[in-house]
Each structure stands twice: as structure tokens, then as C-alpha cells.
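Undergrad: Could you work out the structure for the sequence below:
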Amino acid sequence: MNTLTIASAFRPADRADETAKTAKKNRVQLDFAPKAMDRLNALKAKTEATSYAEVVKNALRLYEALIEETESGKQFLIKDETGAVAQFRLFL
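TA: The predicted structure follows:
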């Protein structure tokens, strides 16, 4: 099992001009099975992310956006190489 620790900066709206150095940070520790760690490494390489934290933060933003769109009744469609369109089922 691999452990990943992520520190993120939290900047309140009224203090957005503060530097990341003085901003409040929250530390999160995650345990990854070897296959999950391989997936994280692959995503880091594919996206040219500078850190695991960047990959996780981007994944969270995307996940949040997908949930919001799904909750508002929207559907995600995918098109294959032949042009056929099908619904992409995110949450089974």
C-alpha cells in the first residue's frame, strides 16, 4: 500500500491576495493500492502535472463539475470513431 500526502492552500475570498506561503493549508493523507498508485502516476505523466496534488485537485474539480451537471439533469454523450453517439453512464 502506498501513502500519498497532499497539502492544499485555502484562500478565503477576502484574503485572496495573500501568498500561498501564509495561506491556511490542510493536509490530507491517502493510502493507495499499487494499481491505484499506477493509475495516479499514469495520469500525472499524461497531464504533465507537476505533483500528485495537482492531479488530485484537477480530478476533484472535474468530479464536482460532472456531479453538478448530472444533478441538473444533463447527460454526457460519447462519439466513437465511426460517429456513433451513445450515452456515457457516469454513475451506475
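Undergrad: contacts, neighbours, all on C-alpha from now
TA: OK.
Undergrad: residues in contact with T50?
TA: K44 (C-alpha atoms under 8 Å, 6 or more residues apart in numbering).
Undergrad: Number the chain from 8, please
TA: Sounds good: first residue 8 from here, last item T57.
Undergrad: just the helices in the protein please.
TA: With DSSP state H as the criterion, the chain has helices at 41-54, 59-78.
Undergrad: Quick check: buried residues in the last one?
TA: Buried residues in helix 59-78, defined by neighbour count with 16 or more other C-alpha atoms under 10 Å: Y59, A60, E61, V62, V63, L73.
Undergrad: Same check on the shortest one?
TA: Applying a neighbour-count criterion of 16+ other C-alpha under 10 Å, the buried positions in helix 41-54 are M44, L47, L50, K51.
Undergrad: what's the angle from it to helix 59-78?
TA: 90 degrees (axes from the mean of the first three to the mean of the last three C-alpha atoms, to 10 degrees).
Undergrad: list the helices and strands helix 41-54 packs on?
TA: Applying 3 or more C-alpha pairs under 8 Å, 6 or more residues apart in numbering; DSSP states H and E, we find helix 41-54 packed against helix 59-78.
Undergrad: Out of the buried residues of helix 59-78, which comes closest to L84?
TA: Nearest to L84 among the buried residues of helix 59-78, counting by C-alpha to C-alpha, is L73 at 12.4 Å.
Undergrad: Widest-spaced pair of the buried residues of helix 59-78?
TA: The widest separation within the buried residues of helix 59-78 (C-alpha to C-alpha) is 21.0 Å, between Y59 and L73.
Undergrad: In TSV: the buried residues of helix 59-78, plus pLDDT and distance to Q36.
TA: Output for the buried residues of helix 59-78, formatted as TSV (pLDDT from 0 to 100; distance: C-alpha to C-alpha, whole Å):
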residue	pLDDT	distance to Q36
Y59	95	12
A60	94	11
E61	96	14
V62	96	15
V63	95	12
L73	91	24
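Undergrad: Which one of those is nearest to R96?
TA: Looking across those and measuring by C-alpha to C-alpha, the closest to R96 is L73, at 11.1 Å.
Undergrad: residues in contact with the closest residue to S58 other than its chain neighbours?
TA: Excluding the flanking residues, the one nearest S58 by C-alpha to C-alpha, 6 or more residues apart in numbering is K51, at 7.1 Å. K51 makes contacts with T57, S58, Y59, V62, as judged by C-alpha under 8 Å, 6+ apart.
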